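Participant: predicted model and sequence below, questions to follow.
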Amino acid sequence: MKKLFLLLFSFFLLFEIVFASNVDLKLHAKSAILVEASSGKVLYEKDANSKRSPASMTKIMTILLTMESLEKGNIKLTDKVNISKKAASMGGTQIFVEEGSSVELQTLIKGMAIASANDAAVAVSEYVGGSESNFVYMMNEKARKLGCKNTSFKNPHGLDEEGHYTTAYDLSLIARELLKHPSILKYTSTYEDYIDVSGSNHWLVNTNKLIRFYSGIDGLKTGYTSKAGYCLTATMERNDMRLISIVMGESNKDNRSEDTITLMEYGFSNYGIKNIYKKDEYNNKIYIDNASNRNVKYYLKDDVNIIVNKNDNNVNFTVEERINKVKAPLNKNDVIGHLILKYKNKQYKYDLIVKEDIKKANYFKVFINLFKDILSGVKIK
């Protein structure tokens, strides 16, 4: 019955959005935001910069730092994580890890991503950061680097604590960064699973019921405490466009689900994605005089897209390259400049990178290059 209600509600909302000239979303949430994932373009917001308790949506940052550490090769999914007294004694939602036991890292990630386990979050924070306190420092440093101006983390799990807060907008920045690790969706889109904890089978059920009851949603994280209310960071992809919605301060689970569906249907009904450049199809050359091979190819790090209103026939944009002054050596994926896209009085910046290590020319190579320049008539500076 609940599944049928959500489907009927979404169809009604879709009809209303398409045929209404001015849509009032009338959300229940105290704060909300809807963004397109690749560009970060804000499609809708409501009090998105007010500081609020994020509850377990905090774990988006905890999972992000874990995924980054995995990508760097510092840790592996198969690593065994020793469970501390602090981790084993956590209250709230948990997978009941035991002090002194060891649990595979992948199991703990599942515990966080699917069941929102607080004990798993503490165990992971201690393993990735060396200690929980150092991990919290890493969380705040990462938030600062992402441009989160109204965020302060005090713990990796999200239980209410004085000075622990963020905003819907800041959470959208963190969620966008996490989605750069798409393998996380394998966990956040799982509705139920079984894990082995301390020799016993533990049943996990996703706290985000829309994973099961609303087709397309594949993440990311719910949250609830008495102070935060019901919260949800959701994401889904349709017609090659991925959206992220965040609702905070909901009074109950039904309002949380309804508001999330409202935001998603509004976004997909009114906006679409227009590709300007595919990252694999865009390349150019830069001359680096001290490089072993002085004509260096560079590429776009990401696709260049613009988000267009489906009712807007005026899609005018400009692009320009801005290349930095660079010298060899360079490492693979180093940024050497940016492609600047200007659209609707806003500017978007896309990284231009080298895809291989660029070695500095040795003295013999410098001499050969200089000799070639003289023979070809190049003016020596």
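Facilitator: Looks like it came in fine.
Participant: any low-confidence regions in the stretch 151-300 of the chain?
Facilitator: Counting by pLDDT under 70, the stretch 151-300 of the chain shows no low-confidence range.
Participant: any low-confidence regions in the stretch 1-150 of the chain?
Facilitator: For the stretch 1-150 of the chain, the ranges with pLDDT under 70 are 1-23.
Participant: 90 instead?
Facilitator: 1-24, 38-39, 91 (pLDDT under 90).
Participant: where do the strands sit along the stretch 251-381 of the chain?
Facilitator: 271-277, 283-287, 295-300, 304-309, 317-323, 335-343, 346-353 (DSSP state E, counting those that start in this stretch).
Participant: from the chain's centroid, how far away is stretch 240-251?
Facilitator: 13 Å (CA atoms, centre = their mean, to the nearest Å).
Participant: okay, buried residues for it please.
Facilitator: Residues of stretch 240-251 classed as buried by neighbour count (16 or more other CB atoms under 10 Å): 241, 242, 243, 244, 245, 246, 247, 248, 249, 250. For the C-beta atoms, the positions are set from N, CA and C on the backbone; glycine is no exception.
Participant: redo the residues you listed as a markdown table? Include distance to residue 293 and secondary structure.
Facilitator: Listed next are the buried residues of stretch 240-251 as a markdown table, based on distance: CB to CB, whole Å; DSSP: H, G, I helix; E, B strand; the rest coil:
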| residue | distance to residue 293 | secondary structure |
| --- | --- | --- |
| 241 | 39 | strand |
| 242 | 37 | strand |
| 243 | 42 | strand |
| 244 | 41 | strand |
| 245 | 47 | strand |
| 246 | 46 | strand |
| 247 | 52 | strand |
| 248 | 52 | strand |
| 249 | 56 | strand |
| 250 | 57 | strand |
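Participant: ok, those residues vs residue 311, which is closest?
Facilitator: Distance to residue 311, by CB to CB, is smallest for residue 241 among the buried residues of stretch 240-251, at 16.1 Å.
Participant: please name the residues that touch that closest one.
Facilitator: 36, 268, 271, 272, 273, 307 (CB atoms under 8 Å, 6 or more residues apart in numbering).
Participant: the third one contacts residue 306, correct?
Facilitator: No: at 10.3 Å, residue 271 and residue 306 do not qualify as touching, with contact defined as CB atoms under 8 Å.
Participant: count the neighbours of the closest residue to residue 147 other than its chain neighbours for me.
Facilitator: Excluding the flanking residues, the one nearest residue 147 by CB to CB, 6 or more residues apart in numbering is residue 173, at 5.9 Å. Neighbours of residue 173 under the rule other CB atoms under 10 Å: 21.
Participant: and for the one 5 residues further on?
Facilitator: Residue 178 is flanked by 26 other residues according to other CB under 10 Å.
Participant: and it, how close does it get to residue 282?
Facilitator: 25 Å (CB to CB, to the nearest Å).
Participant: same check on residue 62?
Facilitator: 35 Å.
Participant: same thing with residue 88?
Facilitator: Distance from residue 88 to residue 282, by CB to CB: 51 Å.
Participant: cool, and residue 242?
Facilitator: From residue 242 to residue 282 the distance is 21 Å (CB to CB).
Participant: also residue 64?
Facilitator: Residue 64 is 28 Å from residue 282, by CB to CB.
Participant: so the two - more neighbours on which side?
Facilitator: Neighbour totals were compared for residue 64 and residue 282, and residue 64 leads with 22 against 16 (other CB under 10 Å).
Participant: what is the three-state secondary structure of that one?
Facilitator: helix (DSSP: H, G, I helix; E, B strand; the rest coil).
Participant: surely it touches residue 142?
Facilitator: Yes: using CB under 8 Å, residue 64 is in contact with residue 142, at 7.0 Å.
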